[in-house]
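K.L.:
3D, please:
(one chain, ligands or ions: 1)
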Amino acid sequence: MMKKQEAPAPRDVTERDGASLPNTPNTPASRRMALKMGIAALGSVWMGGYARAASRSDGETSAANVTNAPVTNAATPGDRVPFFGKHQAGITMPRPANGMIASFSVLAETPEALERLFRRLTERAIFLTHGGAPPEYDPRLPPADSGILGPNIPPDARTITVSLGNSLFEERPWLKPHKPLRLSRMTRFPNDALDAALCHGDLSLQICANTQDSTQHALRDILKNLADQLVLRWMQEGNVPVIQPGPDKAAESARNLLGFRDGSANPDAGDEALMNRLVWVGPERGEPAWALGGSYQAVRIIRNFVERWDRAPLWEQEAFIGRAKVTGAPLDKPRATEADVPDYVNDPQGEKTPLASHIRLANDRTPETQDNIILRRPFNYFNGVAKNGQLDQGLLFICYQADLEKGFITVQRRLDGEPLEEYLKPVGGGYFFTLPGVAHKNDFFGSALIAAIRA
Ligand code: HEM
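P.N.:
From the prediction side, this is the model:
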């Protein structure tokens, strides 16, 4: 009998194919930068070909939005997202068609065990992001891979984004002093009906890819390879509807399960200065040094009462959201596009865009609230049928921000009591801190945190 083989370290392919180039948002600017860096020659590096500029009715264009809908046939199994960089992938780049959040309990009780976990997770994430052939083992041993994607695993635009929960820090005295300043345990908002089995966790993985098979494959790979380090607590899968390209080839935000375009007013992920202000933790925030380049992740599983919504009059649906259903245009500019912005200054009483509409409460567009802007990256979910015979569908809401309190928590407080709540019920989720990126092939997730613990 052969000795049990350790699964070998992933093949070092980063230098061969340029995957060590920093992960970049998919915007005209980043595409230009990528071209300068010579990535253009690498046909398989994922440039999100479907994320084109959105045109506004005033003739200006805005950069690709993370919530643009994927376009039919633009994605291929060979799409590869660069893994290494200052920030993790899967945040400022447009979503592929599938995503999930999986939340885990961490078994590590010592810094050494936590480092082992981080290193192992990094190895798996590098392999899964890059793809390739898994090693062949003696047939008397379990095979290295589940095999569900065949003998050669395509990269399929896969990203694996790692974030840490409040409990990981709070329950370990040696980690507690290093907790990010704004990380807290998610508390109940008035409209919530939280199921404890769907909340919180020590560590979250956001896994995204072109196909559901690829996200499932990645999850099974991680469960198998980290079986002694992570225990799965809950997960929620979701997807983004893939659309036919429009006649003018302009990008459109994908629709959510209320039938509205979701993401129209998201901040421009191609604007690096804006992302540094709104999404990434920078030195000005007083956070621990290890956290620089990270972000706060808020996750909410929000059920939509779709049968009830489908019986609501169109005028009510539009008034509750604050945008036109078909085009996504602001209600004060009916002939505009979703990229146009509503004018609240000339509508102080809310005659055009109701004061209690979702978009007006979420962002009143005054100078005072500009620090509350969040980067949304949601997926629609379909969980079959609930016990009462109603469809169990909704939004796997995910957003990123440099300050959890100023971002998600403040926006959600403003939304508390909104008329749209009649059709929504948050049932799960949690707050996490998304680790900074893995800089190079000898680095690993959380290396700066481990160094801070040891210092
Ligand atoms: C199932 C739940 C939700 C649905 C169906 C929904 C739907 C929408 C829609 C259709 C829009 C307009 C288009 C757009 O700009 O994206 C929108 C905007 C927005 N939503 Fe939501 N949303 C939900 C939950 C949330 C939550 C939980 C938050 C944050 C706490 C949030 C924050 C925002 C923000 C900040 C905007 C942009 C407002 C603006 O700048 O004009 N949404 N949402």
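K.L.:
Low-confidence stretches in the protein?
P.N.:
Under the criterion pLDDT under 70, the flagged ranges of the chain are 1-64.
K.L.:
cutoff 50 now
P.N.:
Applying pLDDT under 50 to the chain picks out residues 1-44, 47-63.
K.L.:
mind listing the strands for it?
P.N.:
Remark: strands of the chain, listed N- to C-terminal, are 54-55, 61-62, 98-106, 159-165, 203-209, 230-239, 295-304, 375-376, 379-385, 391-401, 424-434; assignment by DSSP state E.
K.L.:
Get me the contact residues on the stretch 251-400 of the chain for the ligand.
P.N.:
256, 258, 260-265, 300, 302, 304, 321, 323, 358-359, 362-363, 374, 394-395, 397 (Cβ under 6 Å from any ligand atom). Heads up, the C-betas are built off the backbone N, CA and C, glycines and all.
K.L.:
what's the nearest residue to R158 if we skip its chain neighbours?
P.N.:
With Cβ to Cβ, 6 or more residues apart in numbering as the measure, A209 is the residue that lies nearest to R158, at 4.2 Å, once sequence neighbours are left out.
K.L.:
That neighbour touches L219, doesn't it?
P.N.:
No. Between A209 and L219 there is no contact under Cβ atoms under 8 Å: 10.5 Å.
K.L.:
Switch the strands of the chain over to TSV; also include mean neighbour count.
P.N.:
What follows is the strands of the chain, written out as TSV (neighbours: other Cβ atoms under 10 Å):
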stretch	mean neighbour count
strand 54-55	18
strand 61-62	16
strand 98-106	23
strand 159-165	26
strand 203-209	27
strand 230-239	20
strand 295-304	25
strand 375-376	24
strand 379-385	15
strand 391-401	23
strand 424-434	24
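K.L.:
need those strands in a markdown table with distance to T327, can you?
P.N.:
As requested, the strands of the chain are exported to a markdown table (distance: least, Cβ to Cβ, whole Å):
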| stretch | distance to T327 |
| --- | --- |
| strand 54-55 | 12 |
| strand 61-62 | 16 |
| strand 98-106 | 26 |
| strand 159-165 | 30 |
| strand 203-209 | 27 |
| strand 230-239 | 23 |
| strand 295-304 | 21 |
| strand 375-376 | 19 |
| strand 379-385 | 20 |
| strand 391-401 | 21 |
| strand 424-434 | 23 |
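K.L.:
got a list of what the residue nearest to R158 touches?
P.N.:
With contacts taken as Cβ atoms under 8 Å, 6 or more residues apart in numbering, A209 has the following neighbours: P96, N98, G99, D156, A157, R158, T159, T215, A218.
K.L.:
Out of these, which is nearest to the ligand?
P.N.:
Proximity to the ligand was ranked across the contacts of A209 by Cβ to the nearest ligand atom; first place goes to G99, at 15.2 Å.
K.L.:
Contact partners for the residue in the stretch 1-150 of the chain positioned nearest to the ligand?
P.N.:
Residue nearest to the ligand within the stretch 1-150 of the chain: T67 (6.8 Å; Cβ to the nearest ligand atom). If you count contacts by Cβ under 8 Å, 6+ apart, T67 has them with P94, R95, S253, A254, D262, G263, S264, N266, R376, R377, P378.
K.L.:
ok, now with 7 Å
P.N.:
Neighbouring residues of T67 by Cβ atoms under 7 Å, 6 or more residues apart in numbering: R95, S253, A254, D262, G263, N266, R376, R377.
K.L.:
Identify the residues contacting stretch 407-424?
P.N.:
Contact with stretch 407-424 is made by 189-191, 296, 298, 302, 304-305, 308-309, 320-321, 356, 358, 361-362, 372, 374, 399, 401, as judged by Cβ under 7 Å, 6+ apart.
K.L.:
What subset of these is buried?
P.N.:
When neighbours are counted using 16 or more other Cβ atoms under 10 Å, these contain these buried positions: 189, 191, 296, 298, 302, 304-305, 309, 320-321, 356, 358, 361-362, 372, 374, 399, 401.
K.L.:
the helices in the stretch 301-450 of the chain, which residues?
P.N.:
Per DSSP state H, counting those that start in this stretch, the stretch 301-450 of the chain has helices spanning 306-310, 314-321, 358-362, 410-415, 447-454. These are given in chain order.
K.L.:
Much appreciated, bye for now.
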